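A.B. asks: what follows is a predicted structure for the sequence shown.
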Amino acid sequence: MTNTEKGDFCALAASLLAPPDGETVGQLKRGEIQSLLGKNIREWAGDPRLLAELVGEKNPGADLAPLQREYERLFAGLPGQGISLVESTYKPWTADRSCALAFAGDKGLLMGDAALHMREVYRQGSLEVPEEFRSTPDHLLLELEFLSLLYHSATPEQIQGFIEDHLDWVPDLKERLAQADPHPFYRRAIELINLFLEHERKEGKARNHGPKNLH
């Protein structure tokens, strides 16, 4: 995939994690995911059934009402309820050893180090956090949208650094989601995002450890 295609995929993946509406279903019916990823799933050593189960005729995800109900069940609860899509909740609240707060090393909390860093990243990029994400600037939807921007404008090193620093928790999300007996649409959507990120990590490591030019 080209960087432009990767950026387009990240933007599309982010939209699949938003509260579902008619556009979500429209993307499936228009075949946008298939056209972007049809040939890449096998190259990434992914399950070839992944796309078929995400957008296939047998998948009730093509109906809006089931998706809306499942999104509410899985992701729309208060912190500590349901499945979190927020990076901070998967990591210790802060890595600052000088922090004297009793909950400094606890997980499951909002506005941890990751959130503060993402808020600063957006500020430096003159990007405004939408009102509904003010307390969760490290939400996966926003991080995927930001990664999409990086693929269109950043260096490979910057892209790799962001994936390593801010998207290393997605395997934990995948595991937690599997335990919730999710709708096939959301199970496969997270698997697809995780598969893409794993491939990008491997590509980045291969690039960093490849042969160097001698001058």
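C.D. replies: Received, thanks.
A.B. asks: contacting residues around the spatially most central residue of the chain?
C.D. replies: Central residue of the chain (CA atoms, centre = their mean): Leu140, 4.5 Å from the mean position. For Leu140, the contacting residues are Ala14, Leu17, Leu85, Val86, Glu87, Val170, Leu173, Ile193, by CB atoms under 8 Å, 6 or more residues apart in numbering. The C-beta positions use only the backbone N, C-alpha and C, and glycine is treated the same way.
A.B. asks: what of Val86?
C.D. replies: Counting by CB under 8 Å, 6+ apart, Val86 touches Pro79, Leu110, Ala115, Thr136, Asp138, His139, Leu140.
A.B. asks: not counting sequence-adjacent ones, nearest residue to the third one?
C.D. replies: The one in question is Ala115. Nearest residue to Ala115, sequence neighbours excluded (CB to CB, 6 or more residues apart in numbering): Asp138, at 4.4 Å.
A.B. asks: can you check what pLDDT the model gives the one you found?
C.D. replies: Here, the pLDDT recorded for Asp138 equals 98.
A.B. asks: now Asn3, nearest residue through space, not along the chain?
C.D. replies: Tyr151 is the one closest to Asn3 (CB to CB, 6+ apart), at 4.6 Å.
A.B. asks: so where does the one you found fall, helix or strand?
C.D. replies: Tyr151 belongs to helix 140-153 when assigned by DSSP states H and E.
A.B. asks: and if you look at Arg42?
C.D. replies: Counting by DSSP H and E, Arg42 is part of helix 40-43.
A.B. asks: got the phi and psi for Val86?
C.D. replies: phi -120, psi 130 (degrees, to the nearest 10).
A.B. asks: run through the bridge partners of it.
C.D. replies: According to DSSP bridges, the residues that bridge with Val86 are His139.
A.B. asks: number the residues from 36 up from this point.
C.D. replies: Renumbered: residue one is now 36, and that last one reads Val121.
A.B. asks: give me the distance between it and Leu151.
C.D. replies: 13 Å (CB to CB, to the nearest Å).
A.B. asks: check Glu40 too.
C.D. replies: Counting by CB to CB, the gap from Glu40 to Leu151 is 32 Å.
A.B. asks: re earlier: need the next SSE after the helix holding Tyr186, C-terminal direction.
C.D. replies: Following helix 175-188 toward the C-terminus (DSSP H and E): helix 191-201.
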